[in-house]
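**Student:** Kindly return the folded structure for what I paste below:
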Amino acid sequence: MRKHLLFAGLLAAACVLPFVLPGYAVFQATMVITYALALLGLNLLTGFNGQISLGHGAFFALGAYVAAMLMEHAGWPYWATLPAAALAGGVLGYLFGLPALKLEGVYLALATFALGVATPQLLKYRGLEPFTGGSQGLVLMKPEAPFGMPLDADRWLYFFCLAVALALFLVARNLLRGSIGLNLRAVRDNPIAAQAMGVDNARVKSITFGISALYTSVAGALSAIVVQFVAPDSFSVFLSITLLVGAVVGGLSSLSGALYGALFIQFVPAVAEQVSKAAPWAVYGAILLALMLVWPTGIAGGVARLTSWITTRSKP
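**Tutor:** Coordinates of the predicted model:
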């Protein structure tokens with residue numbers, strides 16, 4: 001009951017937030033939501049299934065370009081591009097996961113890293129330039145609120161992204177609480193024992209890769225709609241590394257960790273630049289190191305321990 005009340009309170013606060021923040025802060029909050037969805041996808045793969053990926057920026061880019069090309073060249077409404085991005089990400093993630101079944105640990109990380117490195121170059125390929133816009137990318141129109149709703153474009157996109165993220169978070173929560181979640185953890189913790197108990201390890205891994213890529217592609221599509229621009233240089237391999245950092249800092253094997261990691265991705269680089277314009281990445285590294293030393297299981301793990309301590313202290 002307490003968890004339900006807490007969730008209702010957080011949801012109410014999230015709904016009030018865009019009405020008390022200025023325009024740019026609403027945009028930042030919307031980007032936090034998209035990053036949280038991307039980190040959820042990566043967490044399903046890395047945190048819950050134990051497969052390391054350094055190339056999820058490629059699936060983020062895939063979703064962004066699917067949405068952008070359908071809106072720009074086919075005239076699709078922005079909301080209709082999300083299922084297309086999800087389908088493209090899920091299918092390509094599953095197909096990539098099949099050959100990756102033979103790789104584990106750092107070898108899988110290198111294979112996915114290669115995917116992240118190659119993606120920006122593929123997007124700049126001259127043969128695809130009529131569709132992708134080449135190095136110049138594509139500029140999109142910001143959608144307005146439908147049905148005459150009294151919301152500006154930024155606030156409407158905030159609520160649209162929030163609704164999509166809530167739906168996908170609930171789907172992930174239900175998946176993890178069922179037999180699928182048990183299989184994911186079994187394959188991660190002891191694949192030999194899982195296979196002995198009848199779990200098809202290869203099938204679980206490939207499907208998880210597909211679901212993870214699906215979530216990240218939807219996040220990329222939402223990002224393209226919100227930012228109104230896509231270009232190859234926006235999806236460098238640094239994005240893939242940033243997503244992995246966010247997943248680890250937020251807390252692996254934790255749904256709430258995706259939100260904490262998204263807040264880290266969105267705001268810590270800006271804070272680091274304000275602290276030192278000469279060496280912002282040194283400040284960023286120091287903050288990251290401090291967080292890992294204080295909360296080695298991520299922010300979600302640290303918050304859980306702190307909550308448990310407060311609860312224990314409050315009991316008579």
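
**Student:** what about the residue nearest the centre of the chain, distance to Asp154?
**Tutor:** Among the residues of the chain, Ala38 comes closest to the average C-alpha position under Cα atoms, centre = their mean, at 1.0 Å. Going from Ala38 to Asp154 by Cβ to Cβ, to the nearest Å gives 20 Å. (Glycine included, C-beta is placed from N, CA and C.)

**Student:** again, but for Ala114
**Tutor:** Applying Cβ to Cβ to Ala114 and Asp154 gives a distance of 37 Å.

**Student:** Which one of the two is surrounded by more residues?
**Tutor:** Higher neighbour count among Ala114 and Asp154: Asp154, with 20 against 14, using other Cβ atoms under 10 Å.

**Student:** Double-check that Leu151 belongs to a strand.
**Tutor:** No - Leu151 is assigned coil when assessed by DSSP: H, G, I helix; E, B strand; the rest coil, not a strand.

**Student:** got the contact list for the closest residue to it other than its chain neighbours?
**Tutor:** Nearest in space to Leu151, with sequence neighbours left out and distances taken as Cβ to Cβ, 6 or more residues apart in numbering, is Ala145 at 4.3 Å. Ala145 sits next to Leu151, Asp152, Ala153, Arg155, Trp156 when contact means Cβ atoms under 8 Å, 6 or more residues apart in numbering.

**Student:** pretty sure the third one contacts Pro143?
**Tutor:** Yes - with contact defined as Cβ atoms under 8 Å, Ala153 counts as touching Pro143 (6.6 Å).

**Student:** ok, and the closest non-adjacent residue to Leu87?
**Tutor:** Closest to Leu87 by Cβ to Cβ, 6+ apart is Leu214, at 8.0 Å.

**Student:** The one you found and Gly302: what is the separation?
**Tutor:** Remark: distance between Leu214 and Gly302 (Cβ to Cβ) = 29 Å.

**Student:** More neighbours: those two, which one.
**Tutor:** It is Leu214, of Leu214 and Gly302, that has more neighbours when counted by other Cβ under 10 Å, with 25 against 16.

**Student:** ok, then the element right after the helix or strand containing the more buried one?
**Tutor:** Using DSSP states H and E, Leu214 falls within helix 201-227. Downstream of helix 201-227, the first helix or strand assigned by DSSP H and E is strand 229-230.

**Student:** Show me the contact partners of that following strand.
**Tutor:** Strand 229-230 is contacted from outside by Ala61, Ala64, Tyr65, Ala68, Gly133, Gly137, Leu138, Val139, Leu140, Ala224, using Cβ under 8 Å, 6+ apart.

**Student:** Would you list the buried entries among the residues you listed?
**Tutor:** Ala61, Ala64, Tyr65, Ala68, Gly133, Gly137, Leu138, Leu140, Ala224 (16 or more other Cβ atoms under 10 Å).

**Student:** Taking those, tell me the two that lie furthest apart.
**Tutor:** Farthest-apart pair in these is Ala61 and Leu140; separation 14.9 Å (Cβ to Cβ).

**Student:** OK, contacts around the closest residue to Ala213 other than its chain neighbours?
**Tutor:** Once flanking residues are discounted, Ala213 sits nearest to Gly93: 2.4 Å by Cβ to Cβ, 6+ apart. By Cβ under 8 Å, 6+ apart, Gly93 lies in contact with Phe59, Phe209, Gly210, Ile211, Ser212, Ala213, Leu214, Ser217.

**Student:** the bottom helix or strand of this structure by mean pLDDT?
**Tutor:** helix 298-314 (a mean of 81; mean pLDDT, DSSP states H and E).

**Student:** Which strands and helices lie in contact with that helix?
**Tutor:** For helix 298-314, the helices and strands in contact under the criterion 3 or more Cβ pairs under 8 Å, 6 or more residues apart in numbering; DSSP states H and E are helix 237-250, helix 255-275.

**Student:** which helices and strands sit right next to the first one?
**Tutor:** The elements that helix 237-250 packs onto, with contact taken as 3+ Cβ pairs under 8 Å, 6+ apart, are helix 23-46, helix 56-73, helix 105-123, helix 255-275, helix 280-294, helix 298-314.

**Student:** any weak-confidence spans in the stretch 201-316 of the chain?
**Tutor:** Residues of the stretch 201-316 of the chain that meet the criterion pLDDT under 70 lie in 314-316.

**Student:** hmm, try it at 90
**Tutor:** Where the stretch 201-316 of the chain drops to pLDDT under 90, the residues are 201-204, 253-254, 256, 275-281, 292, 294-297, 301-316.

**Student:** what do you get for the stretch 51-200 of the chain?
**Tutor:** Within the stretch 51-200 of the chain, the segments meeting pLDDT under 90 span 51-52, 96-111, 125-128, 134-135, 141-153, 178-184, 187-200.
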